[in-house]
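Enquirer: for reference, the sequence and a predicted model appear below.
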Amino acid sequence: MKRRAFFKKGTIAAVATGVIPMVTASCAGSKDMVYDKIEDKWYHLGTGKSGTPNRKKTINYDVAVIGGGAAGICAAVSAARNGSKTVLIQDRPVLGGNASSEIRVHLNGVNNINGKAERETGIIEEILLHNRFENEQESFPVFDHVLYDFVVREPNLELMLNTQAIEAVMDGGKIKSALCWQATTEMLYTINAPIFIDCSGDGLLAATSGAEYRTGREGKAEFDETYAPDEPDGWQMGATLLMSSKDMGKPMTYNPPSYAIKYTHEGGHERRKFAGFQDGIWWIEIGSDDDIIGDAEKNRHVLMAYLHGVWDYIKNSGKFPEAENLALDWVGSLPGRRESRRFIGDYIVSEKDMTEHKHFYDAVAFGGWSLDEHNPGGILDIKERPSFFHYHFKEVYQFPFRSLYSKNVSNLMFAGRNVSQTHIALSSSRIMATCALQGQAVGTAASICNKRNILPREVGKTHINELQEQLLRDDVFIPKRPANDSNDLAKKANLIFGSTTSSGDAKNLINGMSRDIDGEINHWQSDGLSAAIQLEWESPVSLSKIELKCDTNVKRNIMMRKDSRNDDLYGNAIPKEMLKALTLQGRVNGQWVDLGKVEENRTRLIKFNFKSIKVSAVKINMTETYGAKNVKLFEVRCYA
């Protein structure tokens, strides 16, 4: 029956007071359902059997990660790879958070230290390299799907999109369950797990658990912070709404919508320029002195109004003739938020921890984006307070594990902008790639918790070396912390040498430092290709795993930019330095045997896994990079 005819001829009325048809078809044996408000039950029409449109499901995991931005993805992937059955719960239809196609912020990290990047490695670099291979056109909507692929290909990880963790169910001082609502399926999930990680930014799950948190700015005196206000206040950095435009090759008119707010701030941007306006303007921003979460919808409307007002000014003021042929190509509707709740851990990172480069025994991540606090009032207060500041770091700083778990909820960790830090410290560490390193740290810690049946605080107290060594093995860099894995048999080799050498030393490959930093060379580089590295042992050793870290030029950024920038500081292609093709051999009873081969390598950390074999030597034969004439390595590890 056609739909229109169905609703004309097939409709029925409720059969009794309080009984409301869900679907109004009337026929014997129908699977259509009605709800009886008095009995609080659903029934199939024509059968009397109870139905279940109030959908509920309970699932058990080892680790539940809330929030699918850079921090959450890295937390979930690291937990899954290290042996924990993991779920990643994201309240949007796409992954990526502020870097997704819904918001389109560059996935920044330590972009510039003395004119060079000091790029993050580990899982976040894997993601950015994966994007370089799969998204050469640099499309933000395609980036959504690159991230989706990166997550769903993990065998130990389940992804739940369009799902929000709305409430924590507590058992004393621990989270027992997370109640999660999936809007697309009308399903209420109860997620049970021994470890929860809140990477959602706003931290609704953590807040409903009773985890202690702060909002607003601390005063100067509390942490002796130079850049803090004299007295504490409620100010939180604002959310920004972005847009992009397209050159249409002909003059394009623009008429602002009815809700646009006229731009009247001429002269209020001494340091906030219109340069690059065609790709969005970061200072179309609104913060809050009070409840930035509660004001989100009001602020979104005002941001949309200002965005169109600014674009009207650009197009119609006559001051931007270069905009004549431009038309809006994409306009954001979801503001990218910088700050809201900051949950309290056993340590609160503050300004001087960063500026004085404090050494933390429990360091698990690093940062180096400038201290970058945004203007109080945002676009609403530009004329009165147009200034902002950047404190530029000369070297990277450490971030401690004690700031990544809750002080009072024992099985809760967090990563991202909601971690335990002051407002001023947040102005640097909120950058997404820094948040991603925190995410990999807590995901790895979660698996240690499950493996040893302990809680996060105990990981920090008695198993911090285990956590740091696993992170270093997984290609996370921790400043001033060389790797020293006692299980690494490469360190026990009596001889290591290269077929040729143009810089560095083959012995650097077992010194525990996986990049050149602080003026020190920690690499070996060949003189041309092909080239080989060989390790020898006095007595044969049993091996089943060999891992090496190649060069991806961490001094140059590889995140996707709207302007597709390609210069000494930013690259828009696969790093030419990365090793592409190599083979592995082992010497058995004086004869070389093949152990593995890689023809299209796509990662800095290259792993060979093979059946255990006793060898007296191994040889890594490297034949091709993605364009560099020499091959450079930073580390070789061997495991039984």
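Expert: Everything's here; your move.

Enquirer: any chance you could map the strands in the stretch 251-400 of the chain?
Expert: For the stretch 251-400 of the chain, strands defined by DSSP state E, counting those that start in this stretch occupy the ranges 285-288, 326-331, 342-343, 363-367, 397-400.

Enquirer: ok, now the stretch 51-200 of the chain?
Expert: Remark: strands of the stretch 51-200 of the chain, listed N- to C-terminal, are 55-60, 63-66, 86-89, 157-160, 163-171, 174-182, 187-192, 195-198; assignment by DSSP E, counting those that start in this stretch.

Enquirer: helices along the stretch 201-350 of the chain, start to end?
Expert: Listed in chain order, the helices of the stretch 201-350 of the chain (DSSP state H, counting those that start in this stretch) span 204-208, 220-223, 296-316.

Enquirer: include mean neighbour count, distance to residue 628 and mean pLDDT when you put those into a markdown table, please.
Expert: In short, each C-beta sits where N, CA and C put it, glycine included. Output for the helices of the stretch 201-350 of the chain, formatted as a markdown table (neighbours: other CB atoms under 10 Å; distance: least, CB to CB, whole Å; pLDDT from 0 to 100):
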| stretch | mean neighbour count | distance to residue 628 | mean pLDDT |
| --- | --- | --- | --- |
| helix 204-208 | 23 | 45 | 98 |
| helix 220-223 | 15 | 45 | 98 |
| helix 296-316 | 19 | 42 | 97 |
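
Enquirer: out of those helices, which gets nearest to residue 450?
Expert: Proximity to residue 450, assessed across those by CB to CB, is greatest for helix 204-208 (18.9 Å).

Enquirer: where does pLDDT dip in the stretch 151-300 of the chain?
Expert: Judged by pLDDT under 70, the stretch 151-300 of the chain has its weakly predicted residues at 266-272.

Enquirer: show me the beta-bridge partners of residue 412.
Expert: The bridge-partner assignment for residue 412, based on DSSP bridges, gives residue 196.

Enquirer: that one and residue 286, how far apart?
Expert: The spacing between residue 412 and residue 286, counted by CB to CB, to the nearest Å, is 30 Å.

Enquirer: name the residue in these two with the higher neighbour count.
Expert: Comparing residue 412 with residue 286 by other CB atoms under 10 Å, the one with more neighbours is residue 412, at 27 against 23.

Enquirer: looking at it, the more buried one is touching residue 175, isn't it?
Expert: Yes. Here residue 412 lies in contact with residue 175, judged by CB atoms under 8 Å, at a distance of 5.9 Å.

Enquirer: mutual contacts of these two, please.
Expert: Common neighbours of residue 412 and residue 175 (criterion: CB atoms under 8 Å, 6 or more residues apart in numbering): 196, 209.

Enquirer: tell me which element the nearest residue to residue 124 once chain neighbours are set aside is part of?
Expert: Take residue 124 and drop its neighbours on the chain: the residue closest to it by CB to CB, 6 or more residues apart in numbering is residue 436, 3.8 Å away. Here residue 436, judged by DSSP states H and E, is contained in helix 432-452.

Enquirer: what's the following helix or strand after that helix?
Expert: helix 456-462.

Enquirer: for the helix or strand following that following helix, packing partners?
Expert: Once the chain leaves helix 456-462, the next helix or strand it forms, by DSSP H and E, is helix 464-473. With contacts defined as 3 or more CB pairs under 8 Å, 6 or more residues apart in numbering; DSSP states H and E, the secondary structure elements packing on helix 464-473 are strand 363-367, helix 432-452.

Enquirer: which parts of helix 464-473 are buried?
Expert: Judged by neighbour count using 16 or more other CB atoms under 10 Å, the buried positions of helix 464-473 are 464, 467, 468, 469, 470, 471, 472, 473.

Enquirer: next, name the residue at the spatial heart of this structure.
Expert: Averaging the C-alpha coordinates of the chain gives a centre point, and the residue nearest to it by CA atoms, centre = their mean is residue 70 (1.0 Å).

Enquirer: quick check: end-to-end length of stretch 476-483?
Expert: Start and end residues of stretch 476-483 are separated by 10 Å (CA to CA, to the nearest Å).

Enquirer: can you check stretch 353-373 too?
Expert: Using CA to CA, one end of stretch 353-373 lies 17 Å from the other.

Enquirer: same check on stretch 220-240?
Expert: The stretch stretch 220-240 measures 27 Å between its terminal residues, going by CA to CA.

Enquirer: that one: how far from the chain's middle?
Expert: 26 Å (CA atoms, centre = their mean, to the nearest Å).

Enquirer: show me which residues of that stretch are buried.
Expert: The neighbour-count criterion (16+ other CB under 10 Å) identifies 220, 223, 225, 227-229, 232, 235-240 as the buried residues of stretch 220-240.

Enquirer: for these, give me TSV that also has distance to residue 325.
Expert: Shown next, in TSV, are the buried residues of stretch 220-240 (distance: CB to CB, whole Å):
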residue	distance to residue 325
220	49
223	50
225	47
227	42
228	46
229	44
232	49
235	40
236	39
237	34
238	31
239	30
240	26
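
Enquirer: so which of those belong to strands?
Expert: Counting by DSSP state E, the part of the buried residues of stretch 220-240 found in strands is 236, 237, 238, 239, 240.

Enquirer: check contacts around the nearest residue to the third one once chain neighbours are set aside.
Expert: Pointing back at residue 238 there. The spatial neighbour of residue 238 that comes closest, neighbours along the chain excluded (CB to CB, 6+ apart), is residue 287 at 3.3 Å. Residues touching residue 287, when contacts are defined by CB under 8 Å, 6+ apart, comprise 235, 236, 237, 238, 239, 339, 374, 376, 377, 378.

Enquirer: distance check, residue 287 against residue 376.
Expert: From residue 287 over to residue 376 (counting by CB to CB), the distance is 7 Å.

Enquirer: and residue 483, by the same measure?
Expert: As defined by CB to CB, residue 483 lies at a distance of 43 Å from residue 376.
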